[in-house]
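everything below, folded, please.
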Amino acid sequence: MGFNSSLSATLIGISMVIVQTQVAAAPSPIEIDEIAQAITVLIDAGDSGSGSGVIIKKQGDVYSVVTTAHVIERQKLKYEIVTPDNKRYVLDYKTVKKLPEVDLAILQFTSTTNYRVAKFGNSDSIQRNAKVYVAGFPGRTPTIQRPIYNFMAGKVITNALRSQPVSDSGYNLVYDNSTLPGMSGGPVLNDRGEVIGIHGRGEIFNYETPKINPQVAFVYTGRSLGIPIKTFLQLTGRGETNAILPLPEIPIAVFP
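Alright, predicted model coming up:
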């Protein structure tokens, strides 16, 4: 049985469309780095310390930034939000809203400059060994005397459910990215450049000092922790809080 010529032409046209339709390519690590750099801010208190944050919303000239609460816990310090174009905005502490139960806070700054806003991904879908990237601004050291942007690749170790936490204060996303003090509050991104967590901790092991070196007390294990973005979205979906909440005792290293 032969095909009708017009039907054959239609089928050929359909097949051509199918062949030409392609799935959009995932961004390269370089492109993800560019995304991360555009949405990551430095939260700077000078010699008193620094941390990082993520631009998550723009409403008029007002930008909202999410960070870890411990980055901005000292209200008497003068914090400045340093944007990707190196402009500095003094933090008005009245804009700070600390979220309950977790080590997260939201703050705001006002600017007429157009900054990129983060796109959130599905943190529930992140599986063990998935590629993830962490961005932020490591703090000052005797060698590097000002915070400079850093972007590190790694893999997920575990993505624990809130019902089965592996740590306190919401830290249920564990990964092997090499992170440094000062990167707290920076984004954890998936391989599509979407924010799926907020970084905040690096695990350390406390050896007896004499066994290694009289000047060294702690050894970093190479495991870092973040708060899944779904936790943030669930809490803000129920409403943000203006209360300044005390942070619980933290048994592993906290990076300000």
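
can you pull the contacts of the residue nearest to the spatial centre of the chain?
Compute the mean C-alpha point of the chain, and by C-alpha atoms, centre = their mean the closest residue is residue 187, 1.5 Å away. By C-beta atoms under 8 Å, 6 or more residues apart in numbering, the residues touching residue 187 are 36, 39-40, 54, 118, 134-136, 195, 197-199. Bear in mind the C-beta positions are built from the backbone N, C-alpha and C, glycine included.

out of those, who's nearest residue 47?
Using C-beta to C-beta, residue 136 comes nearest to residue 47 of these, at 18.7 Å.

where does that closest one fall, phi/psi-wise?
phi 170, psi -170 (degrees, to the nearest 10).

hmm, it is touching residue 40, no?
Yes - checked against C-beta atoms under 8 Å, the pair residue 136 and residue 40 is within contact range at 6.4 Å.

overlap in contacts, the two.
52, 149, 186-187.

that older thread, give me the buried subset of the contacts of residue 187.
Among the contacts of residue 187, those buried by neighbour count (16 or more other C-beta atoms under 10 Å) are 36, 39-40, 54, 118, 134-136, 195, 197-199.

closest to residue 87 among these?
Using C-beta to C-beta, residue 40 comes nearest to residue 87 of the buried ones among the contacts of residue 187, at 14.1 Å.

now do the nearest residue to residue 172 once chain neighbours are set aside against residue 168, distance only.
Spatial nearest neighbour of residue 172, chain neighbours left out: residue 160 (4.1 Å); criterion: C-beta to C-beta, 6 or more residues apart in numbering. In this view, residue 160 and residue 168 are 12 Å apart by C-beta to C-beta, to the nearest Å.
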